[in-house]
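*Asks:* Could you work out the structure for the sequence below:
(2 chains)
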Amino acid sequence: MEDGHAMKDTSRRGLAIALTLAFLFAMVMGTGPGVLLVNHPRSFLGLPLLYTWAIFWYVVQVMIALVAYFWLWRDAGVTNSAANGSGTEEDE
Amino acid sequence: MMPLWTTVADVPSTIIPLVVVSAYLLLLLFLGWYGYHKSSAGEEDYYLAGRGQGWLVSSLTIMATFLSSFALLGAPGMVYREGVVFALVSLNVPVAGFCIYLLGAPIWRLGHQKGYVTPADMLCDYYGSQVALRILVTLVGVFFSIPYVMMQLKAGGELISPLFPNLDHGYEIGATILAAITALYIMLGGMRSVAWTDALQCVLLTIGMMIAGVAMVTTFGGMSDYSQAVAELPDRSLTVPGNTGYWSVPMLLSVCLLMPIGGIIQPAQWMRFYAARNPKALQRSALIFIILLTGCFLFGIMLLGLGAGVLYPLQQGPEGMIRPHEAVGQYDQVLVVVLKDQLPKLMGMTAGAALSTVLIVAIMAAAMSTADSNLHALSALVTRDVYDRFVRPTATDVERVWVGRVVIVAATTFALAVVVLGRRPSSSLAPFLEMIVGLALFAVAFSVQLLPMTVDVLFVRRGTKAGAIAGLMIGLVVAFCYSSLFSATSGALAESWGGSLATSVSEFVQWSKNRLTIHAMAWGLLANSTVFVLVSLVTPAVSDAKRLEFANLVRSRRSDSVC
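*Replies:* Okay, the predicted model is just below:
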């Protein structure tokens, strides 16, 4: 299936690098030294600050996963199958 | 202490839990029988369900295997003990989710095209080591599976003993019932039964996690009152490194990065990658895993554990050490105590009994879904990697399946014996078995040692056979030396190793732990990776033909579309 759906390899590589860096940043901020920025016994939005911080980085990680799923992983099957001439992946 | 099922109800509420729990256990046995009925003779069907699992069953069985009793007993206990810091620990789950696709898809491609069943099949084929490496990888599986199964049986015992305080040996009876039913349905239907029961159990336990959180907030009268109450927790409960000081930033980061990887490349999950119908099933599994499971921890277990911290404040023991409130007894019991004390007040007798039942079944589901996966994987490892290779290479498929069943019985009996005997206060294993989370981290410290080899085979292909063997050996030894089991048994080890060596090792371990507070899994991985790289630099490489073959198979997605 060679349509506009399939991203070019260079774009895919760029997106993959960007998502990897974003995920690593989320880990460093959410579970690494970034935690020290909010390490106070205060509340924010009705919850302990550290708890809200964890929820925020969870949302970031979910966004990264959604972008990877819709624009990277699924696309990988399409471009490769097209290149191989073997059609698209069968859905279940 | 009154038993839960009599405090929450008279008639008919007393009957509800017994009927529902019995129905649940019978349903598991039915699924085991149905899996047996649907299966065809042969090892591949018994261990990988014919490599035909769709995305729904794949995602549910992967999640159920990952969760375990850690989810509903261990994690609430850890939140109760440490406080808000566990919300940050929950962020390890997305790491596992990404690994499902990033490691799982290439593992699936190799397994699908080369007919692998166990992790050792793939690793030993690539490195060309059919004896040393195969035995080591099997050992990793044993070191991971046995503690993980012990953890689940312990949960079964801890569930039953407070529910029936007047029952003699309630702990032993609970652990034995859970062990017997789990072993029975695995032996009946193999992977097919395990996956179907996992699917049911995953639905139950994720619902249970969310209900537990909602019930706790409702107990306080709503989110506003809950927030105010939680804000009054001691400062140490609201900050890093938590109440005991365990979760320092290096410890937090090392556990959050490595524990999920170890949980995903353990043998039972690895075999689920082989069993998937195609990589698309793994893509969807990864996405569902990341969104659903992390959400269950953050919005279910966290709310429960923090609320419990308000209702049952931690107490100061001798020398400033904290201990659980006397009504809780043990940290891992906190959910059961909340069920016993709060739900009847909140919902009345009948509804309280019904909701308690759902949560009790959810806890059982969490424990059984992981125990079954690990016992099943262990039987595959011992049968294919030991019996088939070194004992009877000419064994038929049917014979191997029966050997696998014997392994399941033997492993279950061994794990049950350790859990029952180790609980006695006089046992040197008692501190090691104290908390479910501790057992989970101990097991993962071994499985994560497969990471350097796995990454090399899938993506790098620069390592050598000698490097892989040396790295794995060193990694396992170092991980053990930094584990809580080594601390608990160092006295006995000193006698068997010779006092000076054991003492020197123990002192060095303590010295390095004081300087860098990372988990045993990270110490093991550090040593493993270093040795793997250094030895690979000076030993003969894997043949070019093999490297090219694996590179092409990993990159080739042609097979993805064929399935």
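
*Asks:* so the nearest residue to B:Val418 once chain neighbours are set aside is in which element?
*Replies:* Of all residues not flanking B:Val418 in the chain, B:Met150 sits nearest, at 5.7 Å (C-beta to C-beta, 6 or more residues apart in numbering or on different chains). In short, each C-beta sits where N, CA and C put it, glycine included. Using DSSP states H and E, B:Met150 falls within helix B:132-163.

*Asks:* Low-confidence regions, the stretch 51-200 of chain B specifically.
*Replies:* Applying pLDDT under 70 to the stretch 51-200 of chain B flags the ranges B:161-166.

*Asks:* For chain A, what is the nearest residue in it?
*Replies:* Residue of the stretch 51-200 of chain B nearest chain A, by C-beta to the nearest C-beta: B:Ala87 (3.7 Å).

*Asks:* That residue reaches A:Leu50, doesn't it?
*Replies:* Yes. B:Ala87 lies in contact with A:Leu50 (C-beta atoms under 8 Å); the separation is 6.4 Å.

*Asks:* quick one: which of those two has more around it?
*Replies:* Using other C-beta atoms under 10 Å in any protein chain shown as the criterion, B:Ala87 and A:Leu50 rank with B:Ala87 on top: 26 against 23.

*Asks:* Next up, the contacts around that one.
*Replies:* Counting by C-beta atoms under 8 Å, 6 or more residues apart in numbering or on different chains, B:Ala87 touches A:50-51, A:53-55, B:298, B:302.

*Asks:* are any of these buried, and which?
*Replies:* Neighbour-count burial (16 or more other C-beta atoms under 10 Å in any protein chain shown) is assigned, among the contacts of B:Ala87, to A:50-51, A:53-55, B:298, B:302.

*Asks:* and which of these is nearest B:Leu60?
*Replies:* B:Leu60 lies nearest to B:Leu298 out of the buried ones among the contacts of B:Ala87, by C-beta to C-beta, at 20.1 Å.

*Asks:* max-length helix in chain A?
*Replies:* With secondary structure taken from DSSP state H, chain A has its longest helix at helix A:9-31.

*Asks:* which residues touch that helix?
*Replies:* A:7, A:34-35, A:37, A:53-54, A:57-58, A:60-61, A:64, A:67-68, A:71-72, A:75-76, A:79, B:88-89, B:91-92, B:94-95, B:98, B:252-253, B:256-257.

*Asks:* What residues of that helix count as buried?
*Replies:* A:12, A:15, A:19, A:22-23, A:26-27, A:29-31.

*Asks:* now the next helix-or-strand element following it, how far from the centre of its chain.
*Replies:* Per DSSP H and E, the first helix or strand lying C-terminal to helix A:9-31 is strand A:43-44. A distance of 27 Å separates the C-alpha centroid of strand A:43-44 from that of its chain, computed with C-alpha atoms, centre = their mean, to the nearest Å.

*Asks:* re earlier: so which of the buried ones among the contacts of B:Ala87 would you say is closest to B:Val334?
*Replies:* Nearest to B:Val334, judged by C-beta to C-beta, of the buried ones among the contacts of B:Ala87 is B:Met302 at 12.8 Å.

*Asks:* mind checking the SS state of B:Leu167?
*Replies:* Classification of B:Leu167 using DSSP: H, G, I helix; E, B strand; the rest coil returns coil.

*Asks:* Next one: it from A:Phe56, what distance?
*Replies:* According to C-beta to C-beta, to the nearest Å, B:Leu167 and A:Phe56 sit 46 Å apart.

*Asks:* is it possible to export the contacts of B:Ala87 to CSV including secondary structure, pLDDT and distance to B:Phe414?
*Replies:* Listed next are the contacts of B:Ala87 as CSV, based on DSSP: H, G, I helix; E, B strand; the rest coil; pLDDT from 0 to 100; distance: C-beta to C-beta, whole Å:
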residue, secondary structure, pLDDT, distance to B:Phe414
A:Leu50, helix, 93, 41
A:Tyr51, helix, 93, 40
A:Trp53, helix, 95, 43
A:Ala54, helix, 94, 38
A:Ile55, helix, 95, 41
B:Leu298, helix, 93, 36
B:Met302, helix, 93, 35
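
*Asks:* Surely the residue nearest to B:Val418 is in contact with B:Leu439?
*Replies:* Yes. The criterion here is C-beta under 8 Å, and B:Met150 meets it with B:Leu439 at 6.4 Å.

*Asks:* circling back to that earlier point, redo the buried residues of helix A:9-31 as TSV? Include pLDDT.
*Replies:* Shown next, in TSV, are those (pLDDT from 0 to 100):
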residue	pLDDT
A:Arg12	83
A:Leu15	91
A:Leu19	94
A:Ala22	95
A:Phe23	94
A:Ala26	94
A:Met27	93
A:Met29	93
A:Gly30	91
A:Thr31	91
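
*Asks:* Now for these: which two are most distant?
*Replies:* A:Arg12 and A:Thr31 (27.9 Å).

*Asks:* pull the CA atoms of stretch B:38-47 into CSV?
*Replies:* The C-alpha trace of stretch B:38-47 is given here as CSV (Å, rounded to 0.1, in the frame of the first residue of the first chain):
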residue,chain,number,x,y,z
LYS,B,38,-9.4,-27.9,22.5
SER,B,39,-5.7,-28.7,22.5
SER,B,40,-4.0,-31.0,20.1
ALA,B,41,-1.3,-33.4,21.1
GLY,B,42,2.2,-32.0,21.1
GLU,B,43,4.6,-29.8,22.8
GLU,B,44,4.2,-26.6,20.8
ASP,B,45,0.5,-26.6,21.5
TYR,B,46,0.9,-27.3,25.2
TYR,B,47,3.6,-24.6,25.6
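
*Asks:* Can you give me the buried ones in it?
*Replies:* B:39, B:43-47.

*Asks:* Figure out how far it is from the centre of its chain.
*Replies:* Distance of stretch B:38-47 from the chain centroid (C-alpha atoms, centre = their mean) equals 25 Å.

*Asks:* tell me the contacts of the most centrally placed residue in chain A?
*Replies:* Centroid-nearest residue in chain A: A:Ile64, 1.8 Å away (criterion: C-alpha atoms, centre = their mean). For A:Ile64, the contact set (C-beta under 8 Å, 6+ apart) comprises A:19, A:22-23, A:26.

*Asks:* low-scoring pLDDT stretches of chain A, where are they?
*Replies:* Using pLDDT under 70, the flagged stretches of chain A are A:1-7, A:75-92.

*Asks:* Repeat the analysis, applying 80 as the threshold.
*Replies:* A:1-9, A:74-92 (pLDDT under 80).

*Asks:* In space, what's closest to B:Gly97 - neighbours in sequence excluded?
*Replies:* Closest to B:Gly97 by C-beta to C-beta, 6+ apart is B:Ile290, at 3.4 Å.

*Asks:* burial count for the one you found?
*Replies:* 26.

*Asks:* Quick check: it vs B:Asn278, distance?
*Replies:* 20 Å.

*Asks:* What of B:Ser69?
*Replies:* 31 Å.

*Asks:* how far does stretch B:304-322 stretch from start to finish?
*Replies:* 20 Å (C-alpha to C-alpha, to the nearest Å).

*Asks:* you'd agree the residue nearest to B:Gly97 is in a strand?
*Replies:* No. Per three-state DSSP, B:Ile290 lies outside any strand segment and is helix.

*Asks:* List the residues that contact it.
*Replies:* Neighbours of B:Ile290 in contact, by C-beta under 8 Å, 6+ apart: A:61-62, A:65, B:93-94, B:97-98.

*Asks:* Please apply the same query to A:Gly46.
*Replies:* B:223-224, B:227.

*Asks:* Could you rerun that using 10 Å?
*Replies:* A:52, B:223-224, B:226-228, B:230-231 (C-beta atoms under 10 Å, 6 or more residues apart in numbering or on different chains).
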